[in-house]
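A.B. asks: Sequence and predicted structure are below.
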Amino acid sequence: MATNPRYDGKPLLRLLELYVLWVIGELSQDDQVKLNAIAPKLQTIYGGAGQWHEAIAAAARMPSEMPDVIRDMWARNLEIARANGVTLLPQKFAEMFVDENLAA
């Protein structure tokens, strides 16, 4: 799904970003299809109840309210960006959120 050096040696990093994109409604259809296809493997590796995003949440030991936290932070950051006349790209937000809140 990604060949960026950012993810070298960090297999969960990109999946966490995709989880954030899914939560904020910005996951591409292509990524959704790929993630649905590998959901059984992710569940075997990380646990969860069968859907890819549940496996990622289990891997990161996310609390059940994490999607609400992410959506709230996305909304706040969009407002800050607008107030400063800049555009906050969903991928950039996902990277920032993961780096600051989920990456070890």
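C.D. replies: That came through fine.

A.B. asks: List the buried residues in stretch 45-55.
C.D. replies: Buried positions in stretch 45-55, judged by neighbour count with 16 or more other Cβ atoms under 10 Å: 46, 48, 52-55. Glycine gets a C-beta too; all of them are placed from N, C-alpha and C.

A.B. asks: first to last residue in it, what's the distance?
C.D. replies: 8 Å (Cα to Cα, to the nearest Å).

A.B. asks: now that stretch: how far from the chain's centre is it?
C.D. replies: Distance of stretch 45-55 from its chain centroid, counting by Cα atoms, centre = their mean, to the nearest Å, is 14 Å.

A.B. asks: any idea how far P63 lies from N101?
C.D. replies: P63 is 11 Å from N101, where distance means Cβ to Cβ, to the nearest Å.

A.B. asks: one step back: would you turn the buried residues of stretch 45-55 into JSON lines with pLDDT and secondary structure?
C.D. replies: Supplementary listing: the buried residues of stretch 45-55 in JSON lines, determined by pLDDT from 0 to 100; DSSP: H, G, I helix; E, B strand; the rest coil:
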{"residue": "Y46", "pLDDT": "90", "secondary structure": "helix"}
{"residue": "G48", "pLDDT": "81", "secondary structure": "coil"}
{"residue": "W52", "pLDDT": "95", "secondary structure": "helix"}
{"residue": "H53", "pLDDT": "95", "secondary structure": "helix"}
{"residue": "E54", "pLDDT": "95", "secondary structure": "helix"}
{"residue": "A55", "pLDDT": "95", "secondary structure": "helix"}
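
A.B. asks: Quickly note the distance from the residue nearest to R6 when sequence neighbours are not counted to E79.
C.D. replies: With sequence-adjacent residues excluded and distances taken as Cβ to Cβ, 6 or more residues apart in numbering, R6 is closest to L13, at 7.0 Å. Between L13 and E79 the distance is 27 Å, computed by Cβ to Cβ.
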